[in-house]
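Colleague: Give me a 3D structure for the following:
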Amino acid sequence: MSNEPEARTSLHGYISGRVQGVGFRLATAAQAEQLGIDGWVRNLPDGRVEVMCEGEGQAVEAMRKWLEQGPKKARVEAVALTEQGVQGIAGFIIR
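Modeller: Below you'll find the model as predicted:
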């Protein structure tokens, strides 16, 4: 068993459904903080939410799973996330 930190990974993508006007961005930021995820979240004009997450692999995977459900009032219909290069983002913000 190693004490070395897990490699960082990064996901970027879009969440569709009833994801605006239901506290999705605020809940995403709170979940990211709880998991130690860096990145950002924002609403798009077409009704989707765009998200960028960076962190240790297990934390990012936990974030992916959370995004598939979202907060209680949301109704997530589709999640399209792709891995991308780590950008070295620090902190998590709502754009």
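Colleague: Report pLDDT for Leu11.
Modeller: With respect to pLDDT, Leu11 has a value of 96.
Colleague: Is it correct that it is in contact with Glu61?
Modeller: No: at 9.1 Å, Leu11 does not count as touching Glu61 under the criterion of CB atoms under 8 Å. The C-beta positions use only the backbone N, C-alpha and C, and glycine is treated the same way.
Colleague: and the two? which has more neighbours close in?
Modeller: For Leu11 versus Glu61, neighbours defined as other CB atoms under 10 Å are more numerous around Leu11 (21 against 14).
Colleague: Helices of this protein, residue ranges please.
Modeller: Under the criterion DSSP state H, helices of the chain are mapped to 24-35, 57-67.
Colleague: helices or strands up against the last one?
Modeller: Right, the one you point to is helix 57-67. In terms of contacts (3 or more CB pairs under 8 Å, 6 or more residues apart in numbering; DSSP states H and E), helix 57-67 is packed against strand 8-18, helix 24-35, strand 49-56, strand 75-84.
Colleague: Go ahead and produce PDB holding the CA coordinates of that helix.
Modeller: Written as PDB, here are the backbone C-alpha positions of helix 57-67 (Å, rounded to 0.1, in the frame of the first residue of the first chain):
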ATOM      1  CA  GLY A  57      -9.200   9.900  -9.400                       C
ATOM      2  CA  GLN A  58     -11.500   8.400  -6.700                       C
ATOM      3  CA  ALA A  59     -12.900  11.900  -5.800                       C
ATOM      4  CA  VAL A  60     -13.500  12.700  -9.500                       C
ATOM      5  CA  GLU A  61     -15.300   9.400 -10.000                       C
ATOM      6  CA  ALA A  62     -17.500  10.100  -6.900                       C
ATOM      7  CA  MET A  63     -18.300  13.500  -8.400                       C
ATOM      8  CA  ARG A  64     -19.300  11.900 -11.700                       C
ATOM      9  CA  LYS A  65     -21.700   9.600  -9.800                       C
ATOM     10  CA  TRP A  66     -23.100  12.500  -7.900                       C
ATOM     11  CA  LEU A  67     -23.700  14.600 -11.100                       C
END
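Colleague: Cool, thanks, signing off.
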